[in-house]
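Enquirer: I would like the atomic coordinates for the input below:
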Amino acid sequence: MTLLVAIIFLALLFDFLNGFHDAANSIATVVSTKVLTPVIAVAWAALFNFIAFLVFGLNVASTVGKGVVHPEFMDLTAVACGLIGAIIVDILTWYLGLPTSSSHALVGGLVGAALVKGGIPAIIFSGVDKILIFIVVSPLLGMALSYTISSLVELIVRKSHPSKIDGLFRRLQFLSSAAFSLGHGGSDAQKTMGIIWMALLVSKTIPATASLPLWAVLLCQVAMALGTLFGGWRIVKTMGQRITKLRPFEGFCAESAGALTLYTTILFGIPVSTTHTITGAIVGVGARKRFSAVRWGVTRNIIWAWILTIPVAAIIAAICFEVTRLF
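Expert: Purely as a prediction, here's the structure:
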């Protein structure tokens, strides 16, 4: 029971770091366009991160808790090591200012610990394959949607005065930022719910057919909201300023495209990266202006960080589990 409590604490710490690390996802565009101050932006994002559980089901939580590794091959030590691998990667990439995926760090940690604990049979390859495919699909979908939305918006408002357009989309960014934050809370907090769900199943605290307890849902949403409230300003700078320069209407288009992508994947229970999604959306609105408007050197570094997140988290988790065997 002591280890179970420790895992729940670790999971909530990861959830807090996820909100802290991924605050940039929710607020980068609305801060970089100067529609909201950083303090107000994170409070706004934290509110919609928290209320997300009232809107979405627990499809993503179920995928993480039961669809990545077989719970029967895991024990509490393996679950803890998976979390530790994810937390270390989160802290490292936050320090470096890289907008990598907390979700993929978590998946990598679970897979690394499961491989050492139960071998290849412990992995649910259909679930892992789906996540790997959407590492590519989610940013491309975000990019395509933002390119399309921004092109349509520019076509509609092309005869309007620039100052009128700017004022309108400054107001609309309140809605698009809220919509994306809602998707972030509905997607990312559920991944931590899935870990707690797995820990409860592994420890036989709840039966295999039981649903996730409400207290776990509420704790995860609170931790995510608090993490977002504290914010991750290093990553905000990378997301909102270094990829491409955004105007309010472009910020609105990027956030709207990101929200639509997240809502779709949440519906199908696919644990995608909100970081990858909004990065793709920001690149999409930048590329629509002109190809050179995107700082491709920065984008290339981000993509390399995406590629390395899962294997690095898996290696750390595997080493952590091997170390526990010595004691």
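
Enquirer: switch to C-alpha atoms for all contacts and neighbour counts from now on
Expert: Noted.

Enquirer: which residues of the chain score low on pLDDT?
Expert: The chain contains residues with pLDDT under 70 at 1, 21-26, 28, 99-100, 231-245, 289-302.

Enquirer: which residues of it fall in strands?
Expert: Read by DSSP state E, the chain holds no strands at all.

Enquirer: Look up phi and psi at the residue sitting furthest away from the middle of it.
Expert: Most distant from the centre of the chain: residue 159, at 37.5 Å, with distances by Cα atoms, centre = their mean. With angles defined as degrees, to the nearest 10, residue 159 sits at phi -100, psi 0.

Enquirer: ok, now which ones touch it?
Expert: Listed by Cα atoms under 8 Å, 6 or more residues apart in numbering, residue 159 has no contact partners.

Enquirer: Report the contact partners of residue 33.
Expert: Contacts of residue 33 by Cα under 8 Å, 6+ apart are 246, 247, 248, 251.

Enquirer: Taking the centroid of the protein, which residue is nearest it?
Expert: Closest-to-mean residue, the chain, Cα atoms, centre = their mean: residue 274 / 3.8 Å.

Enquirer: number of nearby residues for the nearest residue to that residue once chain neighbours are set aside?
Expert: Closest residue to residue 274 apart from its sequence neighbours, by Cα to Cα, 6 or more residues apart in numbering: residue 184 at 6.3 Å. When neighbours are defined as other Cα atoms under 10 Å, residue 184 has 32 of them.

Enquirer: so how far is stretch 123-133 from its chain's centroid?
Expert: When distances are taken as Cα atoms, centre = their mean, to the nearest Å, stretch 123-133 is centred 17 Å away from the chain's centroid.

Enquirer: got the CA positions of that stretch in CSV?
Expert: Provided in CSV are the C-alpha atoms of stretch 123-133 (Å, rounded to 0.1, in the frame of the first residue of the first chain):
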residue,chain,number,x,y,z
ILE,A,123,3.9,-4.8,-24.9
ILE,A,124,0.6,-4.2,-26.7
PHE,A,125,2.0,-3.4,-30.1
SER,A,126,-1.4,-2.3,-31.6
GLY,A,127,-1.6,0.4,-29.0
VAL,A,128,2.1,1.5,-29.3
ASP,A,129,1.9,1.5,-33.1
LYS,A,130,-1.2,3.8,-33.0
ILE,A,131,0.7,6.2,-30.8
LEU,A,132,3.8,6.1,-33.0
ILE,A,133,1.8,6.7,-36.1
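
Enquirer: Mind listing what's buried along that stretch?
Expert: 123, 127, 128, 131, 132 (16 or more other Cα atoms under 10 Å).

Enquirer: Now intersect these with the helices, please.
Expert: 127, 128, 131, 132 (DSSP state H).

Enquirer: For those, give me a markdown table that also has distance to residue 287.
Expert: Below are those laid out as a markdown table (distance: Cα to Cα, whole Å):
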| residue | distance to residue 287 |
| --- | --- |
| 127 | 32 |
| 128 | 31 |
| 131 | 26 |
| 132 | 25 |
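
Enquirer: I'd like to know how far the spatially closest residue to residue 55 that is not a sequence neighbour sits from residue 110.
Expert: Nearest residue to residue 55, sequence neighbours excluded (Cα to Cα, 6+ apart): residue 186, at 7.8 Å. Residue 186 is 21 Å from residue 110, where distance means Cα to Cα, to the nearest Å.
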